[in-house]
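Novice: Build me a structure from this.
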Amino acid sequence: GDSWGIFAFLCAALCHLPAVPALNGTDELGAGQSIQKTYDLTRYLEHQLRTLAGTYLNYLGPPFNEPDFNPPRLARAERVPSATVDLELWRGLTDNARLAANYRAYSRLLCYLRGLDGQAGTAELRHSLGHFCSSLQGLVVSIAGVMSSLGYPLPAGTAAGPPAPAGTPATPNDFLKKMDDFWLLKELQTWLWRSAKDFNRLKKKVPPAVVTLRLEARGF
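Specialist: Numbering: from 1, shown residues only. Purely as a prediction, here's the structure:
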């Protein structure tokens, strides 16, 4: 009857409709998510270092564990990458240049920090240093991932050598060795503080995820 006629009419109409473009949604998880993860890891390392530094400075003993101890940086400490760069100059660098500087610095800092791990006098301290080194290695890998997702090449010559050449005494005396350790922790703390700000600014430039809608025209 009437119902069958209506059904047949609708089927015929549908068969003669032009093809409708298909909407395909693809989630591109690239740079934004990588930057967010790197920022989170940097903040975690900041928190982790506060505990580790306190424990290690107590291990070094006075005057290194005294709150107001602020010695001049010795020439031998220049081997450790310094974060003491003019803030306006640092902000004036390109994103690529800041990322490359972070990648190089943490690669070298990790090398020196592993040296501390082998010299720590207590099992608990060695465990804490080993855990921190693993986290810092993760940060180096994460920064490399951010650079790759943004299309930046990794800086050349970033493989860090040992703190001292083979056959050369690492430290002339125990006090200078402790000074080296003190400056390593101090510079690492400053690098992490500044890196957190870098990645916080960078993540505001790049959205965490981009949903791309592609139109595939069929029948047109």
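Novice: Okay, and the closest residue to S82 other than its chain neighbours sits in which element?
Specialist: Spatial nearest neighbour of S82, excluding adjacent residues (Cβ to Cβ, 6 or more residues apart in numbering): E187 at 6.1 Å. (Glycine included, C-beta is placed from N, CA and C.) Using DSSP states H and E, E187 maps to helix 174-205.
Novice: So which bits of that helix are buried?
Specialist: Buried residues in helix 174-205, counted by 16 or more other Cβ atoms under 10 Å: 178-189, 191-192, 194-196, 198-199, 202-203.
Novice: same check, this time on stretch 131-142
Specialist: Across stretch 131-142, burial judged by 16+ other Cβ under 10 Å covers 132-133, 136, 139-140, 142.
Novice: Secondary structure, pLDDT and distance to N96 for these - can I get that in TSV?
Specialist: Formatted as TSV, these follow (DSSP: H, G, I helix; E, B strand; the rest coil; pLDDT from 0 to 100; distance: Cβ to Cβ, whole Å):
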residue	secondary structure	pLDDT	distance to N96
F132	helix	95	28
C133	helix	95	27
L136	helix	97	22
L139	helix	97	18
V140	helix	97	17
S142	helix	96	16
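Novice: As a markdown table, these with distance to R73 would be great.
Specialist: Formatted as a markdown table, those follow (distance: Cβ to Cβ, whole Å):
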| residue | distance to R73 |
| --- | --- |
| F132 | 22 |
| C133 | 23 |
| L136 | 22 |
| L139 | 24 |
| V140 | 24 |
| S142 | 29 |
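Novice: Give the single residue among those residues positioned nearest to A101.
Specialist: V140 (12.9 Å; Cβ to Cβ).
Novice: Around the spatially closest residue to the closest one that is not a sequence neighbour, count how many other residues there are.
Specialist: Counting by Cβ to Cβ, 6+ apart, the nearest residue to V140 once its immediate chain neighbours are dropped is Y106, at 5.0 Å. For Y106, the neighbour count with other Cβ atoms under 10 Å is 27.
Novice: can you pull the contacts of Y106?
Specialist: 136, 139-140, 143, 191 (Cβ atoms under 8 Å, 6 or more residues apart in numbering).
Novice: how near is it to T51?
Specialist: 19 Å (Cβ to Cβ, to the nearest Å).
Novice: And D86, by the same measure?
Specialist: Computed as Cβ to Cβ, the D86 to T51 distance reads 30 Å.
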